[in-house]
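Novice: Can you look at this prediction? I've put the sequence above it.
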Amino acid sequence: MVLEQIYSPTDLKRLKYHEMILLSQEIRELILDVVSRRGGHLASSLGVVELTIALHRVFNTPCDKIIWDVGHQCYAHKILTGRREGFEMLRTANGISGFPRREESAYDSFNVGHSSTSLSAALGMVLARDLLRE
């Protein structure tokens, strides 16, 4: 399994094209399995698997920030950013959150609550970066 070799987004950079296709399928199977038992946001998570792989492969996360609106699309992101083993406990009392949580990972840029907060959060991050000259 390709997924078993992925511990962080850095691992994506060495994958060949056909391995990324296999990885997408494995991530979808994991999401489908867990969400069917734990509940969650299935369609939106399945719809962004390739996008999530591409974003993490091309950009230098967590330095480059990925902003998810609402967080319904963040499951593949969580799996690829070191939370694959904890994904089985998605949305449980002692498990990982169903949404991005800064306390959970450096790859989660901000805590998402309601829809459409992503634009204002991204703008604030850019302004802060520019003010601090980072």
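Specialist: Noted; the coordinates are in hand.

Novice: Just give me the neighbour total for T81.
Specialist: For T81, the count of nearby residues is 24 (other CB atoms under 10 Å). All C-beta atoms are positioned from the backbone trio N, CA, C, and that covers glycine.

Novice: ok, now which ones touch the nearest residue to it once chain neighbours are set aside?
Specialist: Using CB to CB, 6 or more residues apart in numbering and skipping the chain neighbours, the partner closest in space to T81 is Y107 (3.9 Å). Going by CB atoms under 8 Å, 6 or more residues apart in numbering, Y107 touches P9, T61, P62, I66, H77, T81, G82.

Novice: how about 7 Å then?
Specialist: Neighbour list for Y107: T61, P62, T81 [criterion: CB atoms under 7 Å, 6 or more residues apart in numbering].

Novice: Also K13?
Specialist: R57.

Novice: Please enumerate the helices of this structure.
Specialist: Remark: helices assigned in the chain by DSSP state H are 17-38, 42-46, 49-58, 75-78, 117-132.

Novice: for the second one, which positions count as buried?
Specialist: This points to helix 42-46. S44, S45, L46 (16 or more other CB atoms under 10 Å).

Novice: nearest to L22, of those residues?
Specialist: For the buried residues of helix 42-46, the residue nearest L22 by CB to CB is L46; the value is 16.0 Å.

Novice: With that, I have no additional questions.
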